[in-house]
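Engineer: just a sequence and a predicted model for now, questions to come.
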Amino acid sequence: MRTPLAALVTCLALISTACGGSDEGTQQGAADLTTSTEAESVADPVDDTAVSTTTTIPVTTTTPTPTTTPEDTTTTTTVAPATPLPAVPLTDLPGIVTNWETGTGEPLDLARRLIGFPLEIGPPAGASPATVDLRVWTDDPVEWRWEWAFEAFMPDGSVQEVDADLPEGGPGTIEGRLYYDPLFEALGWRNVAQVISDPSSGGGGPQSVNWAYETDGTLTISGVDSDPIVGRAWVDEDIGFGSADATPGHRIEIDARVPAGAIPVPLMEALLAALPPLGGDLTKLDLRSWERLPDSFDANFGLRYLQIDLEWVSNQTSPGAAGVAFIAGLDGVVLQEGEASFVNEGEIEVREPIGDGVERWQQRLLLLDRYLVRLDFQAGDDGVVTGELEIRLEANRPVLSAPGE
């Protein structure tokens, strides 16, 4: 999801909450319904500087009504429900990957199956899948932070104008909020902030609006109780920022803290179960979608593909020892040593590992006889050996056979 580089943001306080980023998604602020327009923070450096102004926008759409609890009444914590995620055996991957490459299928369904998106909240009808993004931050020994997000393209003309200078942010803002608020509220989440991007300070281009949602309950994902941080929904006049033609779209995000070591995503759970024991602590777990240009390297294997990245700390004393132990634990069915032969088309060829085994050891593997896997072990300056597994899921990769079959 892009954010305009020189953006002004309009923050609408909804329930005595002001706009601002924090680990909990928002910071507490004034309760009056005013908006502040300020420079939006982005990761990429910008050359131009947005001018800060303050405006007041009347709010006439339906807003969540705060509720009060009598002192003599016991408050019950709301539990944000989540329907069970579908099981995703690894043998289902080829069909899912093909759907992703062709852009067919329902965006929410693909997000649930690929990244285990925890809530059944999707874009309006007519959407097509654009991106999926799963990231896990594992630096906390007690709780890991999981971040789920997916984007969907919308048909031309389906996203109305979003404009911070129009009443209530324009018809696109009103329509989007009236669509997402009831969906989140039905699952126990409340709207706490609204942000409208305004690139009129010089960046120009389409605008977007997003809403932040919070819940006081526990979010149960695949039987794992998690602590939800924030949910967000975006309506964007150009979700494919940077393309020649503006493409309207929607984006939905959920962030939550999950007990360390728990894997509440069926596909990732199935993948880890098929791997040999890692022999150390997992430090990275990502699943992201990527696109390449028609004239780029490997474009013949698919322009839209998925990539899984795993990293961990090994308990072995050297990269070579770690590599040999990992290869010895392969089942030879789901995951095996080898890659496409340069000589015999359609056959699997096993080559010698790359590296001296002291500082580095690298080998190619195959997932389901077709998907390329890079296994890499390296020794750091402190002597700690780390492992990395990169799995590229490309729809046009052919199924390979053993030599002579």
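Structural biologist: Thanks, I have it.
Engineer: how about residue 109, secondary structure?
Structural biologist: For residue 109, the assignment made with DSSP: H, G, I helix; E, B strand; the rest coil gives helix.
Engineer: er, residue 92 I mean
Structural biologist: Using three-state DSSP, the secondary structure recorded for residue 92 is helix.
Engineer: what's the spacing between it and residue 270?
Structural biologist: Distance, residue 92 to residue 270, by Cβ to Cβ, to the nearest Å: 9 Å. No exception for glycine: its C-beta is placed from N, CA and C like everyone else's.
Engineer: how's the protein carved up into domains?
Structural biologist: Per automatic domain parsing, the structural domains of the chain span 8-61+139-256, 275-393.
Engineer: okay, the ones you listed in a markdown table with distance to residue 400 next?
Structural biologist: A markdown table is the format used below for those (distance: least, Cβ to Cβ, whole Å):
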| stretch | distance to residue 400 |
| --- | --- |
| domain 8-61+139-256 | 31 |
| domain 275-393 | 5 |
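Engineer: what about residue 212, which helix or strand?
Structural biologist: In this structure, residue 212 is located in strand 208-214 according to DSSP states H and E.
Engineer: can you give me the helices for this structure?
Structural biologist: Assigned by DSSP state H, the helices in the chain fall at 93-102, 107-115, 171-186, 266-274, 319-328.
Engineer: who's more crowded, residue 92 and residue 270?
Structural biologist: Neighbour count, other Cβ atoms under 10 Å: between residue 92 and residue 270, residue 270 has more, with 18 against 15.
Engineer: let's see the pLDDT reported for the closest residue to the more buried one other than its chain neighbours.
Structural biologist: Residue nearest to residue 270 in three dimensions, not counting chain neighbours: residue 90, with 5.3 Å by Cβ to Cβ, 6 or more residues apart in numbering. The model reports residue 90 with a pLDDT of 95.
Engineer: count of neighbours near residue 90?
Structural biologist: Residues lying near residue 90 (other Cβ under 10 Å) number 16.
Engineer: and for residue 93?
Structural biologist: 22.
Engineer: residue 397 versus that one, what's the distance?
Structural biologist: 11 Å.
Engineer: then residue 332?
Structural biologist: From residue 332 to residue 397 the distance is 19 Å (Cβ to Cβ).
Engineer: okay, those two: which has more neighbours?
Structural biologist: Per other Cβ under 10 Å, whichever of residue 332 and residue 397 has more neighbours is residue 397, with 23 against 8.
Engineer: how about that one, what does it touch?
Structural biologist: Neighbour list for residue 397: 301, 302, 370, 371, 372 [criterion: Cβ atoms under 8 Å, 6 or more residues apart in numbering].
Engineer: can you redo those as CSV with neighbour count and distance to residue 384?
Structural biologist: Listed next are these as CSV, based on neighbours: other Cβ atoms under 10 Å; distance: Cβ to Cβ, whole Å:
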residue, neighbour count, distance to residue 384
301, 17, 34
302, 22, 36
370, 18, 33
371, 23, 29
372, 18, 27
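Engineer: turn these into a markdown table, including distance to residue 325 and pLDDT.
Structural biologist: Output for the contacts of residue 397, formatted as a markdown table (distance: Cβ to Cβ, whole Å; pLDDT from 0 to 100):
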| residue | distance to residue 325 | pLDDT |
| --- | --- | --- |
| 301 | 31 | 95 |
| 302 | 33 | 94 |
| 370 | 25 | 96 |
| 371 | 23 | 97 |
| 372 | 22 | 97 |
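Engineer: most tightly packed of the domains of the chain?
Structural biologist: Most buried of the domains of the chain, by mean neighbour count (mean count of other Cβ atoms under 10 Å): domain 8-61+139-256, with a mean of 18.
Engineer: pLDDT (mean, whole number) over that domain?
Structural biologist: 72.
Engineer: and if you look at stretch 309-322?
Structural biologist: The average pLDDT within stretch 309-322 is 96.
Engineer: now do stretch 343-351
Structural biologist: 93.
Engineer: hmm, back to that, and the strand holding residue 212 with helix 171-186, angle?
Structural biologist: 20 degrees (axes from the mean of the first three to the mean of the last three Cα atoms, to 10 degrees).
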